[in-house]
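Novice: A predicted structure for the sequence below; I have some questions about it.
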Amino acid sequence: MTRHEVVSPIPGVFYRRPDPDSPPFTEDGAAVTDDQAVGLVEVMKSFHQIPAGAAGTLVEFLVADEDEVDAGQPVAVVETP
């Protein structure tokens, strides 16, 4: 299997759910599609979804919910078949 790092396209605050009352976009061990959102980044009250970028299994998140991230920073890992 190949490991694909999901990276943040912009700097900001990483969130694993679309809003505080919703479940996370995905969990460790879940199957994801290449265009499926795994989280979002908020910068200046603007929210940007982060797609998985590859189809496979999300094996781990590399940052915690509400962590600050930089542009290009890996936030999760997807294993592809």
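Specialist: Done, it's in.
Novice: what number of residues lie near the closest residue to S8 other than its chain neighbours?
Specialist: Using C-beta to C-beta, 6 or more residues apart in numbering and skipping residues adjacent in sequence, the residue nearest S8 is V69, 4.5 Å away. Bear in mind the C-beta positions are built from the backbone N, C-alpha and C, glycine included. V69 has 22 neighbours, counted by other C-beta atoms under 10 Å.
Novice: likewise S46?
Specialist: So S46, with other C-beta under 10 Å, has 9 neighbours.
Novice: quick one: contacts for it?
Specialist: If a contact means C-beta atoms under 8 Å, 6 or more residues apart in numbering, then S46 has no contacts.
Novice: kindly report the same for L40.
Specialist: With C-beta under 8 Å, 6+ apart, L40 has these contacts: F14, Y15, P18, F25, F47, H48, Q49, I50.
Novice: buried among these? Make that a PyMOL selection.
Specialist: Here is the PyMOL command that selects the buried residues among the contacts of L40 (16 or more other C-beta atoms under 10 Å):
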select buried, resi 14+15+25+50
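Novice: tell me which entries of the contacts of L40 lie within strands.
Specialist: Among the contacts of L40, the residues falling in strands (DSSP state E) are F14, Y15, F47, H48, Q49, I50.
Novice: bridged to the residue nearest to S8, which residues?
Specialist: G12 (DSSP bridges).
Novice: what about the chain, any weak spots by pLDDT?
Specialist: Low-confidence segments of the chain (pLDDT under 70): none present.
Novice: strands along that one, start to end?
Specialist: Under DSSP E, the chain gives strands at 2-7, 12-15, 31-32, 37-43, 46-51, 56-61, 68-69, 74-80.
Novice: okay, the angle between the fifth one and strand 2-7?
Specialist: Inter-element angle recorded for strand 46-51 and strand 2-7: 180 degrees (by axes from the mean of the first three to the mean of the last three C-alpha atoms, to 10 degrees).
Novice: brilliant, that's me finished.
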